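Student: no sequence for this one, just the structure:
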């Protein structure tokens, strides 16, 4: 309605209560052990909001998306060889990335003092670059059928094809500009027992609830079209 997109990132090791559990908190990433619904419901609890749709992707999804749209231009504030793929080299500055490079860039945390905190920023930059390229090109977005065929089997979603097609056709018909903003929640490094692995302490990130409350408020503002 308002053509706003708010990307909200949560560190994978965020130490929170998994939905429907009692006792020990757990890493957010461990919610996936119990299925997509558990992940969705846990994030809903964290931000006190409803999540209508989800899309679950994997590494190959990102590679395929970036390659099928002809690559993306992303700014890197450092030069490095990614820990996960030494055959790739990231140059400081704006760089044209294919799918393989974009994935290595989005996964990197070892090259940064801030670790995972910087990684979520890179992930948001990659997502923003993909969306900006797709949403600004009627030629690209008109090829959504071939894009979905390319991605078949590499993602899961609860959005039906009719709803997805309706949104895409609306974009094609009017080609509005989108305001894409991003935010992330933060916390402090710690070690604690978890719900999924109660017998040993693991690295976790204790939430800074002021950042969670701020993020929740911004989400509500977008949903309320403010």
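Tutor: On my side now, so go ahead. From a predicted model like this one, the values you see are computed outputs, not experimental measurements.
Student: Now the helix or strand bottoming out on mean pLDDT in the chain: buried residues?
Tutor: Using mean pLDDT, DSSP states H and E, helix 144-151 stands out as the lowest-scoring helix or strand of the chain, at a mean of 86. Using 16 or more other CB atoms under 10 Å as the test for burial, helix 144-151 gives 144, 147. (Glycine included, C-beta is placed from N, CA and C.)
Student: contacts for that helix?
Tutor: 61, 64, 65, 68, 69, 165, 168 (CB atoms under 8 Å, 6 or more residues apart in numbering).
Student: so of the residues you listed, which ones are in helices?
Tutor: Among those, the residues falling in helices (DSSP state H) are 61, 64, 65, 68, 165, 168.
Student: List only those of those flagged as buried.
Tutor: Using 16+ other CB under 10 Å, the buried ones in those are 61, 64, 65, 68, 168.
Student: And those residues, which is closest to residue 38?
Tutor: residue 61 (20.7 Å; CB to CB).
Student: What distance do you get for the nearest residue to the closest one once chain neighbours are set aside to residue 104?
Tutor: With CB to CB, 6 or more residues apart in numbering as the criterion, residue 61 has its nearest non-adjacent residue at 4.5 Å, and that residue is residue 154. Distance, residue 154 to residue 104, by CB to CB, to the nearest Å: 18 Å.
Student: Of the two, which one has the most company?
Tutor: residue 104 (23 against 16; other CB atoms under 10 Å).
Student: Show the contacting residues for that one.
Tutor: 82, 84, 85, 88, 90.
Student: can you name the two of those residues that are farthest apart?
Tutor: 84 and 90 (11.6 Å).
Student: So which of these two has more stuff around it?
Tutor: Using other CB under 10 Å, the more surrounded residue of residue 84 and residue 90 is residue 90, with 20 against 14.
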